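Asks: here is the input, now give the coordinates:
(one chain, ligands or ions: 1)
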Amino acid sequence: MKKKRLAIVGASGHGKVVADAALKGGWDEILFFDDAWPELTEVGVWQVIGNTRQLQEQAVCFDGAVVAIGNNMIRLDKQYELEQTGIQLVTIIHPSATVSPYSVIGKGSVVFAGAVVNAFATIGIGCIINTGSTIDHDCLLADGVHVSPGAHLGGNVHIGKAAWVGIGSSVKQFIQIGENVVVGAGAAVVNDIESGLTVIGVPARAMMKRL
Ligand SMILES: CC(C)(COP(=O)(O)OP(=O)(O)OC[C@H]1O[C@@H](n2cnc3c(N)ncnc32)[C@H](O)[C@@H]1OP(=O)(O)O)[C@@H](O)C(=O)NCCC(=O)NCCS
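Replies: Residues are numbered from 1 along each chain as shown. Here you go, the predicted structure:
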């Protein structure tokens, strides 16, 4: 049988976890691309063989690609750029994740080990559902959202584009979180959050900028 080859864009720590999940999830061969190539030639046990342009030129050699860049907006922009050139963006789901067949997960999103995506949750494109996080029923996550390790979203939580929910935080059911919001590590979100804010603490409140 033909080997399934995956291209990962972004040779970072996050990229290594995506590679590991992809191999466990049925991909046979992983090759990395990064705009720091040719200075950067390896990541973990994998080779970096080109930059984004090289990937576009070699697209037919791959069965799929995924963008593994931690920054939410940069990841999304790179994904849009690749989609326009006709590269097949794929979703990577670690086999130990529990994903409801009644949920929808967008192209280029990754769901890591131990994560749970419950019934009727909808996850946009280019999202990161990180290790051990949980997304409960009817949640709606826009494109480019990152739910960090061990973060928990109650049912019907809505999250705007490119928002980042920090490690170990919790979001109460029915909460609305705007675009580009950052929820700090360990926060407990019990009120809606306007776009662009960073919130911290229990209960979560807007972080004051130091003058
Ligand atoms: C909220 C956050 C974005 C703020 O980052 P920052 O602007 O660089 O803030 P600083 O580290 O300079 O900290 C500023 C102050 O806020 C406090 N603070 C920072 N993050 C906090 C948090 N999550 N909860 C409570 N207080 C926090 C710091 O202790 C510091 O307090 P001080 O002024 O009294 O010393 C960041 O700390 C955070 O929590 N990021 C999420 C990390 C994460 O989830 N990583 C997972 C990767 S997969």
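Asks: contacting residues around residue 89?
Replies: Listed by CB atoms under 8 Å, 6 or more residues apart in numbering, the contact partners of residue 89 are 64-67, 79, 82-83, 107-108, 125. Using the backbone N, CA and C atoms, a C-beta is placed for each residue, glycine as well.
Asks: tell me the one of the residues you listed nearest the ligand?
Replies: residue 67 (15.9 Å; CB to the nearest ligand atom).
Asks: specify the beta-bridge partners of the closest one.
Replies: Residue 67 has these beta-bridge partners by DSSP bridges: residue 9.
Asks: could you check the pLDDT of it?
Replies: If you check residue 67, the pLDDT there is 98.
Asks: quote the end-to-end distance of stretch 50-69.
Replies: One end of stretch 50-69 to the other measures 16 Å (CA to CA, to the nearest Å).
Asks: do stretch 35-52 as well
Replies: This stretch, stretch 35-52, spans 6 Å end to end (CA to CA).
Asks: distance from it to the middle of the chain?
Replies: 21 Å (CA atoms, centre = their mean, to the nearest Å).
Asks: also stretch 8-18?
Replies: 11 Å.
Asks: still on that earlier bit, from the contacts of residue 89, which land in strands?
Replies: Those of the contacts of residue 89 mapping onto strands are 64-67, per DSSP state E.
Asks: for those residues, work out which two are farthest apart.
Replies: With CB to CB as the measure, no two of the ones in strands among the contacts of residue 89 lie farther apart than 64 and 67, at 11.5 Å.
Asks: looking at these two, which one has more neighbours?
Replies: Neighbour comparison, residue 64 and residue 67: the larger count goes to residue 67, with 28 against 19 (by other CB atoms under 10 Å).
Asks: correct me if wrong: the more buried one contacts residue 77.
Replies: No: here residue 67 lies out of contact with residue 77, judged by CB atoms under 8 Å, at a distance of 9.3 Å.
Asks: mind giving me the domain ranges of the protein?
Replies: Each structural domain of the chain that the record assigns through automatic domain parsing is listed here as a residue range: 5-90, 94-201.
Asks: show me the shaky parts of the protein.
Replies: Within the chain, the stretches falling below the threshold (pLDDT under 70) are 209-211.
Asks: quick test: name the residue nearest the centre of the chain.
Replies: To find the centre residue of the chain, average its C-alpha atoms and take the closest one (CA atoms, centre = their mean): that gives residue 128, at 1.8 Å.
Asks: ok, now which ones touch that one?
Replies: Under the criterion of CB under 8 Å, 6+ apart, the contact list for residue 128 reads 14, 70, 109-110, 112, 145-147.
Asks: how far does stretch 80-87 sit from the chain's center?
Replies: Worked out by CA atoms, centre = their mean, stretch 80-87 lies 18 Å from the chain centre.
Asks: and for stretch 24-35?
Replies: Here the centre of stretch 24-35 is set off from its chain's centre by 16 Å, with CA atoms, centre = their mean.
Asks: ditto for stretch 140-148
Replies: Between the mean C-alpha point of stretch 140-148 and the mean C-alpha point of its chain there is a distance of 7 Å (CA atoms, centre = their mean).
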